[in-house]
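1. sequence below, structure please.
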Amino acid sequence: MNLGLCLSLIFTLGWVSMFLFRAETLWEALPHYSGAERFWVAATPLVLSLHASASCVALTLADVTLGKAALATAMFFTAVIVWFWGRAQIGDMLRPRLPDEPPMQLRADGVFGIVRHPLYFAYMLASAAPLLIVPHWWLLCSFAACMLAIATRAIQEERRMHSQIGIAYAQYCNQVKRLVPWVW
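-> Below is the predicted model:
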């Protein structure tokens with residue numbers, strides 16, 4: 001088995017685990033959204049899945065060096081760790097939440113003290129990891145589509161949080177960056 005195929009299997013297991021423990025079940029949550037938000041709620045996992053699949057195919061075909069493989073794997077595992085850290089802070093991993101349910105509490109500690117959307121940040125890292133090995137233009141394009149979908153969802157989710165939590169969330173937004181720690 002070549003190194004690219006091994007990486008593709010590792011990355012697949014990571015993506016599957018992140019999708020299995022989502023904070024909301026897509027089909028139950030979808031009716032709670034309206035208009036453009038509903039479109040992006042459905043499109044984002046699709047775009048991420050297509051990018052992850054294309055990345056895995058590209059990895060299996062690539063000539064992967066051990067150094068690049070180690071760097072990409074470290075980046076991907078960091079993404080998975082950040083994702084599960086954030087997901088555990090949201091609440092019970094086995095209990096999905098609906099979008100109209102306000103958070104049990106506004107979290108500004110742990111990973112939520114680093115970035116307002118740690119799960120989306122983790123998706124960004126996980127999506128970028130294969131690009132360290134296979135920086136093809138078509139993979140960069142699918143990565144860009146992932147970033148557009150994630151950024152759009154983060155902005156939409158913040159509108160909902162502002163209406164559910166109010167001034168405390170606005171203050172939190174002034175202290176913690178949205179999607180890229182200490183940057184944006």
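2. middle-most residue in the protein, spatially?
-> For the chain, Tyr123 is the residue whose C-alpha lies nearest the centre (Cα atoms, centre = their mean; 2.4 Å).
3. test my guess that it contacts Ala79.
-> Yes: using Cβ atoms under 8 Å, Tyr123 is in contact with Ala79, at 7.4 Å. All C-beta atoms are positioned from the backbone trio N, CA, C, and that covers glycine.
4. by mean pLDDT, which helix or strand of the protein comes out lowest?
-> Every helix and strand of the chain was ranked by mean pLDDT, DSSP states H and E. The lowest is helix 26-29, at a mean of 82.
5. quick check: chain neighbours aside, which residue is closest to Met93?
-> Spatial nearest neighbour of Met93, chain neighbours left out: Phe21 (5.1 Å); criterion: Cβ to Cβ, 6 or more residues apart in numbering.
6. which residues does Leu59 contact?
-> Neighbouring residues of Leu59 by Cβ atoms under 8 Å, 6 or more residues apart in numbering: 4-5, 7-8, 11, 130, 133-134.
7. mind checking which of those land in strands?
-> Secondary-structure check on the contacts of Leu59 using DSSP state E: no residue lies within strands.
8. thinking again about what came up before, what is the neighbour count of the residue nearest to Met93?
-> Per other Cβ atoms under 10 Å, the neighbour tally for Phe21 reads 15.
9. again, but for Trp138
-> Residues lying near Trp138 (other Cβ under 10 Å) number 10.
10. now Tyr169
-> Tyr169, neighbours per other Cβ under 10 Å, totals 20.
11. now it: closest residue in space that isn't a chain neighbour?
-> Nearest to Tyr169 is Met161, by Cβ to Cβ, 6+ apart, at 5.0 Å.
12. please report how far the one you found lies from Leu140.
-> In this view, Met161 and Leu140 are 31 Å apart by Cβ to Cβ, to the nearest Å.
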